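Undergrad: Whatever this is, show me its structure:
(2 chains)
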Protein chains: 2
Amino acid sequence: MTETISTEVGAERSAVLRGADGWLDTLQDWVRIPSVSADPEHRTDVAASAHFFADQLRARGFPEVEVLEDGPYLPAVLAHWPSGDPDAVRVVVYGHHDVQPADGEHRWTHPPFEPQIIDGVLHGRGASDDKGNIAMHLLGLDAHLAATGRTAPAVDLTMLVEGEEESGSPHIMELLERYRGRLAADLVVVSDTGIFGPRTPSVCIGMRGLVAGEIHVHGPDIDLHSGSFGGSVPNPIAELSRILAALHDDNRRIAVPGFYDGVIDPTETERAATAALPFDEQEWITGPAASRVAAGEAGWSTLERVGARPTAEINGIWGGYTGPGNKTIVPTDAYAKLTFRLVGRQDPATIMRQVTDYVQSIARPGVTVEIRWEGGGVAPLYVDTTHPATTATRKALGLAFDVPADDVLMTREGGSGPEAELADVIGAPLVFLGVMTDADQIHAPNESAPVSLLLKGCEAVAHLWRELADLGRAGLRQ
Amino acid sequence: MTETISTEVGAERSAVLRGADGWLDTLQDWVRIPSVSADPEHRTDVAASAHFFADQLRARGFPEVEVLEDGPYLPAVLAHWPSGDPDAVRVVVYGHHDVQPADGEHRWTHPPFEPQIIDGVLHGRGASDDKGNIAMHLLGLDAHLAATGRTAPAVDLTMLVEGEEESGSPHIMELLERYRGRLAADLVVVSDTGIFGPRTPSVCIGMRGLVAGEIHVHGPDIDLHSGSFGGSVPNPIAELSRILAALHDDNRRIAVPGFYDGVIDPTETERAATAALPFDEQEWITGPAASRVAAGEAGWSTLERVGARPTAEINGIWGGYTGPGNKTIVPTDAYAKLTFRLVGRQDPATIMRQVTDYVQSIARPGVTVEIRWEGGGVAPLYVDTTHPATTATRKALGLAFDVPADDVLMTREGGSGPEAELADVIGAPLVFLGVMTDADQIHAPNESAPVSLLLKGCEAVAHLWRELADLGRAGLRQ
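TA: Residues are numbered from 1 along each chain as shown, chains lettered A, B, ... in the order given. Now for the predicted structure:
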């Protein structure tokens, strides 16, 4: 195997392996900070996490590092390391340092904020999403400098690491607009996605959009005795259930009128390519999906449902009495949290309006129904698969995984981030470089990341900077 | 007005008014004990409440008083005061000393367990349901003895005050069977119901049955990232919503097959009598129901929906992420608490089986659905409206409210209690004597009871014992 690896590859890999232990200590220190953006009680932790990462960038040599705490957004990190070469490719790396809540405490085998490496796997909230994947740029840059013998990166490097992605990046546009002048770039590299499988490297070529909201159904103004009033006034939980049940038809297709207007169906060629992916559905069901069946919109495969089709999900629900025993009431209120994943040309603002109109149209008299949307949502994003930067990314990943660039697959991810805004405001093409897998249990208890994959990610970063330097700005323009 | 009141009435009323202050102090001390049967953390309070009431019975002269703590049931009070006359009517009075949970703390204007009398209204959890109504038997008995000059009651009096009625009386049958020998009676008097309105006394002639259960829908074994897995595996909240929405059809009729088999529709005469009741629906909607509309099973009036029709209610729901912000997951589990009110010959065990079968029949593959029923449920109960005891109760209540017995209405209540079991095991007719009103906010925050109505209830108790003594055992047999 080593015979097929060029000396440059060996240099980057050697540097990564040399720095691995120290880097893993740093990553674990970072995971130890519970930077949960959704929970106001963790505000100071989110700030501490930003400062921690900023200090790491400074320690590695970044001459310009700033923690942005001047807006409605939670603290973000903005850093810049000029290449010194006026013709160097200008890259903005995007990721986030906030993490998902770690509720469901009893289901965490390893405490979420006490990271440990066991049998080659790093356990902890953020080990993968996204501290693990954004930290790759620390060791990756070290390796790039070591392998090339440079004192500054061969690309003009800007890092933007925000602190509220897990809350839907509600203020990312404001942040981007405010710092637009410092974000001029030829390419955006997003490190917040994954690969098809541990032995099947892939680059993400699309992410779904997202709108998130909370629905509130208000019934009687006081809890009522269900014997004296039940069956004679509207029950807000029953009304909410009715509304939620009406989000999908019997084929699990979303029933909101106009919802699919912006969807672009994949071509037959795309469908054939997706069908040819080495996907073992049964293994997926019993493994990462931890489910009993695959089930979704009729007429589409599981991979299509995740990557190419929009969704409506209920993420949480509550109302009435939820304590021990029973309480015979008609409760006053019921709530649910909803998210919609968008594809194609589905527009977040249009979707919000359509869902609100639909819910109001099916709500029955006697309850008040409100949907409060979080921020403006994010639009779907598609990568230009023929762009030289996409090819360079596949090549870099292929080198790290010891496979030819052509064998690095191109897949759509079901997740969402502010990528469309990034690409739009920065006005540059965008690629994804991340090594999460479905086994990482991101957003769930027991999040983890295999150390070997994280190190391959570090190596891929080092390769990518060299590949981009080789291409030059001219080469990036196709 | 006073000219129409006989001297006996005056004697009972005078005695009630003389004892009112001390009695109200006692009742407030009792309300101070948070005897919430649904919450295991309040187990010692439920016991303390039983001992408090037992001490009150002893202080009033009851020669035989026992707190029953020898079974699976929470502590109940059983007391007996023989009349001394072998031909005296034997009465068992039933009520309960446990109370509903007092959650929704921020919505209590007066703290639930710090009773206060403000503008003639007693505020506190249990002020009405059922401490207020069962305490009426303390002062009522005092007044009976004072007015008749007796040292023992004119009826042979047994008090059975249980401690888990608000939890559905799960062990009442076991308790009744165990103490059957001490519960021989000619009549059961239940004090746990209300009157039509503060100026419209009525006796309850029917209560609905009840079954209560919790439904649990289990989806994936771990919370899944809704971007990576949403739309491709079943969402347990969506499945639960679908099941709950399918409990009723579009006419708000319960859709469980066979559910209405045991329902006995009211006759045209009964419907006409109900329609003739002085019921102001608009006042009811904006007043006690605190709602915007009346809504229920098509084809029936509000009073019929509450008294004569069965219901399916959702009392609580929870699942997934319910904290601040949003969390993009497909959660593992969703839960709801359900209660069904039964009428006519609807059998609790049959209803449980029908609901379970229906829910399983509509559940879709990929989730597991379980319903855990609480205890065996309670059957509906109907009072014989022509029985001399019913007439005596109307007369007693009429005397306390200064209206002729014929003007004391007969109404059905929507609530449920273990009355059917009581009547069945004791083998005696049953009447209801209680003075709750829809304004009391029982089961809701800010429970209260007007002192004037509680005192009228005390007086009615005193009249009832005299009326029953006048009838004698022979007179009770019709």
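Undergrad: how about stretch A:366-383, does it reach chain B?
TA: Yes: using Cβ under 8 Å from any Cβ of the partner chain, we find that stretch A:366-383 touches chain B at A:366-368, A:374. Backbone N, C-alpha and C define where each C-beta goes, glycine included.
Undergrad: quick one, phi psi at A:C458?
TA: Backbone torsions of A:C458, given as degrees, to the nearest 10, read phi -60, psi -50.
Undergrad: Could you count how many residues lie near it?
TA: 29 (other Cβ atoms under 10 Å in any protein chain shown).
Undergrad: right, and it touches A:N133 too?
TA: No: judged on Cβ atoms under 8 Å, A:C458 makes no contact with A:N133 at a distance of 10.2 Å.
Undergrad: Got the domain ranges for chain A?
TA: Domain segmentation of chain A under automatic domain parsing yields A:2-207+A:381-476, A:209-263+A:310-373.
Undergrad: before we move on, back to that, closest to chain B out of the residues of stretch A:366-383 next to chain B?
TA: A:G366 (3.6 Å; Cβ to the nearest Cβ).
Undergrad: Number of residues surrounding the closest one?
TA: 18.
Undergrad: Contact partners for it?
TA: A:219, A:233-234, B:291-293, B:295 (Cβ atoms under 8 Å, 6 or more residues apart in numbering or on different chains).
Undergrad: Give the burial count for the closest residue to A:E419 other than its chain neighbours, as a bare number.
TA: Closest residue to A:E419 apart from its sequence neighbours, by Cβ to Cβ, 6 or more residues apart in numbering or on different chains: A:L381 at 4.2 Å. A:L381: 25 surrounding residues under other Cβ under 10 Å.
Undergrad: how close does A:L381 get to chain B?
TA: 13 Å (Cβ to the nearest Cβ, to the nearest Å).
Undergrad: Now for that residue: which residues touch it?
TA: A:206-207, A:209, A:419-420, A:423, A:430.
Undergrad: Which pair of these spans the longest distance?
TA: The distance between the two most remote of the contacts of A:L381 (Cβ to Cβ) is 14.3 Å, for A:G209 and A:L430.
Undergrad: all helices of the stretch 251-400 of chain A, in order?
TA: For the stretch 251-400 of chain A, the helices defined by DSSP state H, counting those that start in this stretch cover A:268-275, A:281-286, A:302-307, A:348-362, A:388-401.
Undergrad: mind giving me JSON lines with those and columns for mean pLDDT?
TA: Output for those, formatted as JSON lines (pLDDT from 0 to 100):
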{"stretch": "helix A:268-275", "mean pLDDT": "87"}
{"stretch": "helix A:281-286", "mean pLDDT": "93"}
{"stretch": "helix A:302-307", "mean pLDDT": "91"}
{"stretch": "helix A:348-362", "mean pLDDT": "98"}
{"stretch": "helix A:388-401", "mean pLDDT": "97"}
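Undergrad: picking up where we left off before, please flag which of the contacts of A:L381 sit within strands.
TA: A:206-207, A:209, A:430 (DSSP state E).
Undergrad: For chain B, state which of these is nearest.
TA: Closest to chain B, out of all of the ones in strands among the contacts of A:L381 and judged by Cβ to the nearest Cβ, is A:M207, at 7.9 Å.
Undergrad: and the stretch 351-478 of chain A, which of its residues are near chain B?
TA: So the stretch 351-478 of chain A meets chain B at A:364-368, A:374, A:413-416, A:438, A:441-446 (Cβ under 8 Å from any Cβ).
Undergrad: circling back to that earlier point, which one of the helices of the stretch 251-400 of chain A lies nearest to A:W318?
TA: Nearest to A:W318, of the helices of the stretch 251-400 of chain A and by Cβ to Cβ, is helix A:348-362 at 17.7 Å.
Undergrad: what comes up buried for that closest one?
TA: Residues of helix A:348-362 classed as buried by neighbour count (16 or more other Cβ atoms under 10 Å in any protein chain shown): A:348, A:350-352, A:354-356, A:358-359.
Undergrad: Low-confidence stretches in chain A?
TA: A:1-9, A:478 (pLDDT under 70).
Undergrad: hmm, back to that, buried among the residues of the stretch 351-478 of chain A next to chain B? Make that a PyMOL selection.
TA: Restricted to buried positions by 16+ other Cβ under 10 Å, the PyMOL selection for these reads:
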select buried, chain A and resi 366+367+374+413+414+415+416+438+441+442+443+444+445+446
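Undergrad: OK, now which residue of the stretch 1-150 of chain A is nearest to chain B?
TA: For the stretch 1-150 of chain A, Cβ to the nearest Cβ, closest residue to chain B: A:A38, 3.2 Å.
Undergrad: Can you tell me the closest non-neighbouring residue to that residue?
TA: B:G325 (3.2 Å).
Undergrad: Equivalent analysis for A:K456, please.
TA: In space, A:K456 is closest to A:A400, 4.4 Å off (Cβ to Cβ, 6+ apart).
Undergrad: Tell me the residues of the stretch 51-200 of chain A that contact chain B?
TA: Applying Cβ under 8 Å from any Cβ, one finds that the stretch 51-200 of chain A approaches chain B through A:100-101, A:103-104, A:107, A:166-168.
Undergrad: switch to 6 Å and redo it
TA: Taking Cβ under 6 Å from any Cβ of the partner chain as the contact definition, the stretch 51-200 of chain A meets chain B at A:101, A:167.
Undergrad: Which parts of the stretch 51-200 of chain A are helices?
TA: A:131-148, A:172-178.
Undergrad: a markdown table for these, including mean neighbour count?
TA: Output for the helices of the stretch 51-200 of chain A, formatted as a markdown table (neighbours: other Cβ atoms under 10 Å in any protein chain shown):
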| stretch | mean neighbour count |
| --- | --- |
| helix A:131-148 | 25 |
| helix A:172-178 | 18 |
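Undergrad: Same list (these) but as a markdown table, adding distance to A:A48.
TA: Output for the helices of the stretch 51-200 of chain A, formatted as a markdown table (distance: least, Cβ to Cβ, whole Å):
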| stretch | distance to A:A48 |
| --- | --- |
| helix A:131-148 | 13 |
| helix A:172-178 | 19 |
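Undergrad: who wins for proximity to B:A143 among these?
TA: Nearest to B:A143, of all the helices of the stretch 51-200 of chain A, is helix A:172-178, at 73.3 Å by Cβ to Cβ.
Undergrad: So which residues lie in contact with the closest one, not counting its own?
TA: Applying Cβ atoms under 6 Å, 6 or more residues apart in numbering or on different chains, the contact partners of helix A:172-178 are A:71, A:73, A:418, A:421, A:425.
Undergrad: most surrounded residue in those residues?
TA: Result: A:P418 is most packed of the contacts of helix A:172-178 (other Cβ under 10 Å), 30 neighbours.
Undergrad: Could I get the phi/psi values of that residue?
TA: phi -80, psi 30.
Undergrad: can you check A:S232 too?
TA: Dihedral angles (degrees, to the nearest 10) for A:S232: phi -130, psi -10.
Undergrad: Hmm, B:T302 and it touching each other?
TA: Yes: between A:S232 and B:T302 there is a contact under Cβ atoms under 6 Å: 4.9 Å.
Undergrad: Just give the nearest non-adjacent residue to A:E64, would you?
TA: A:H80 (4.3 Å).
Undergrad: check contacts around the residue of the stretch 1-150 of chain A closest to chain B.
TA: A:A38 touches A:101, A:167, B:324-325, counting by Cβ under 6 Å, 6+ apart.
Undergrad: For stretch A:220-228, buried residues please.
TA: Result for stretch A:220-228 [16+ other Cβ under 10 Å]: buried residues A:220, A:222-228.
Undergrad: Alright, that wraps it up for me.
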